[in-house]
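>>> please find the sequence and the predicted model below.
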Amino acid sequence: DVKVTQSSRYLVKRTGEKVFLECVQDMDHENMFWYRQDPGLGLRLIYFSYDVKMKEKGDIPEGYSVSREKKERFSLILESASTNQTSMYLCASSLVVGELFFGEGSRLTVL
Amino acid sequence: DQQVKQNSPSLSVQEGRISILNCDYTNSMFDYFLWYKKYPAEGPTFLISISSIKDKNEDGRFTVFLNKSAKHLSLHIVPSQPGDSAVYFCAASANTGNQFYFGTGTSLTVIP
């Protein structure tokens, strides 16, 4: 079974703090994604990566950056957290073509 | 602008009856569609997919129908079970890439 592991299930941070969300997948998938889920807005794509050191902006990249130094690991970085970044963050991976496999999510609260 | 729309935020169905969840899309380039199920505090899990070369795909109690001319797909669950109570998301992708666009979700409640 594909496993996508997100490092933290719940985080509480203060405004202005730097936040790292880590994601690791164990199935050698080429593609990795970061989404955020908010009530009434569904899942919105922040960034995705189709190869090591490659990244593409999604629909809402502002305020975020990503890092993919190894194929299995995709990190989401909030350089200076703000309250409007309070959300559920979901990491996913996939083969070149095919369905997304999601991690369990990281609930971030920014105070 | 939302390219994938789920216009019903919620749906309640009696156990044993059919649940029909609907999804509309605007981009005619979309050719691969997925349905996901999500429980609270968990990540979405893949349910079923359909490509644009088909108009129906079935997997056990779950069937997805695609009407390309109407840019509409639907997920049928029959018979519905209480364990099906969850939020269901549809997602669409175009051949040019693997970026999926998600709808806003429909919360299904199956009443015992």
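Nice, thanks for sending it over.

>>> now do the worst-scoring helix or strand of chain B on mean pLDDT: distance to the chain's middle.
Ranked by mean pLDDT, DSSP states H and E, the weakest helix or strand in chain B is strand B:100-102, scoring a mean of 91. The chain centroid and the centroid of strand B:100-102 are separated by 12 Å under CA atoms, centre = their mean, to the nearest Å.

>>> what strands line up against it, and which way round?
Strand pairing for strand B:100-102, determined by DSSP bridges: strand B:86-94 (antiparallel).

>>> which residues sit against the partner strand?
With contact meaning CB atoms under 8 Å, 6 or more residues apart in numbering or on different chains, strand B:86-94 is reached by A:42-43, A:100, B:3-4, B:6, B:21, B:23, B:25, B:27, B:29-39, B:44, B:47, B:73, B:75, B:99-108. Glycine gets a C-beta too; all of them are placed from N, C-alpha and C.

>>> kindly report the same for stretch A:13-25.
So stretch A:13-25 is contacted by A:2-8, A:11, A:32, A:34, A:72-83, A:89, A:91, A:93, A:101, A:103, A:106, A:108-111 (CB under 8 Å, 6+ apart).

>>> let's see that with 6 Å instead.
With contacts defined as CB atoms under 6 Å, 6 or more residues apart in numbering or on different chains, stretch A:13-25 is touched by A:4-7, A:72-78, A:80-81, A:89, A:91, A:93, A:103, A:106, A:110-111.

>>> out of those residues, list just those in helices.
Secondary structure assignment (DSSP state H) places none of these within helices.

>>> chain A contacts on chain B?
Taking CB under 6 Å from any CB of the partner chain as the contact definition, chain B meets chain A at B:34, B:42-44, B:46, B:49, B:98, B:102-105.

>>> returning to what we had before: so of the contacts of stretch A:13-25, which ones are in strands?
Those of those mapping onto strands are A:4-6, A:73-78, A:89, A:91, A:93, A:106, A:110, per DSSP state E.

>>> list the buried ones in stretch B:101-112?
Buried positions in stretch B:101-112, judged by neighbour count with 16 or more other CB atoms under 10 Å in any protein chain shown: B:101-106, B:108, B:110.

>>> for stretch A:47-66, same thing?
Residues of stretch A:47-66 classed as buried: A:47-50, A:55, A:58, A:64, A:66 (neighbour count, 16+ other CB under 10 Å).

>>> what about residue A:69, which helix or strand?
Using DSSP states H and E, residue A:69 sits in strand A:65-70.

>>> next up, phi/psi of residue A:85, please.
When read as degrees, to the nearest 10, the backbone of residue A:85 gives phi -100, psi 10.

>>> what's the neighbour count on it?
For residue A:85, the neighbour count with other CB atoms under 10 Å in any protein chain shown is 18.

>>> show me the contacts for it.
Here residue A:85 is in contact with A:78, A:110 (criterion: CB under 6 Å, 6+ apart).

>>> what does the one 4 residues further on give?
By CB under 6 Å, 6+ apart, the contact list for residue A:89 reads A:21, A:36, A:106.
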